[in-house]
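output the structure for:
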Amino acid sequence: QVQLVESGGGSVTAGGSLRLSCATPGVTFNGYCMGWFRQASGKEREGVANLDSGRSTSYADSVKGRFTISQDNAKNALYLQMNSLKPEDTAMYYCAAGSCAGGHWYGVNFWGQGTQVTVSS
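Numbers count the residues shown, from 1 in each chain. Down below sits the predicted model:
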């Protein structure tokens, strides 16, 4: 069974940083688009950042210049470095693997269980 396991969430004050990790134990997602979504309370899930199969990155406008997505193939891990966090970044963050091009996802095949990020003002 394929698993995506997120970690690194927590509570920070505005302006702080967090680094989310997504482990994919025993699975190499070659050819997949990998990325991060988030869902705030009462809102729809939205794409935050992704790495397509060509290793190109895309970011939501709301996080550009603050968040950085990266991948370590040797560790089968995906990361999201989040800097200059704002209260509006508060959400459950999910790791995902599927198909995408640029910032558009065609489908998600695998989801992680989510990790909570809370940013206080």
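
quick one: residues contacting the residue positioned nearest the centre of the chain.
By CA atoms, centre = their mean, the chain has its centre lying nearest to Trp36, at 2.2 Å. By CB atoms under 8 Å, 6 or more residues apart in numbering, the contact list for Trp36 reads 20, 22, 47-50, 69, 78, 80, 93-96. Heads up, the C-betas are built off the backbone N, CA and C, glycines and all.

of all those, which comes closest to Ser62?
Nearest to Ser62, judged by CB to CB, of those is Val48 at 8.3 Å.

could you give the number of residues near that closest one?
25 (other CB atoms under 10 Å).

which ones are touching it?
Val48 makes contact with 35-38, 59-60, 63, 67, 80, 93, according to CB under 8 Å, 6+ apart.

a strand runs through Asn109, doesn't it?
Yes - the assignment for Asn109 is a strand, going by DSSP: H, G, I helix; E, B strand; the rest coil.

please report the distance of it from Phe29.
Applying CB to CB, to the nearest Å, one obtains 9 Å for the distance of Asn109 from Phe29.

Thr118 now?
On the measure of CB to CB, Thr118 and Phe29 end up 28 Å apart.

what about these two, which has more around it?
With neighbours defined as other CB under 10 Å, Thr118 and Phe29 compare such that Phe29 has more, 20 against 16.
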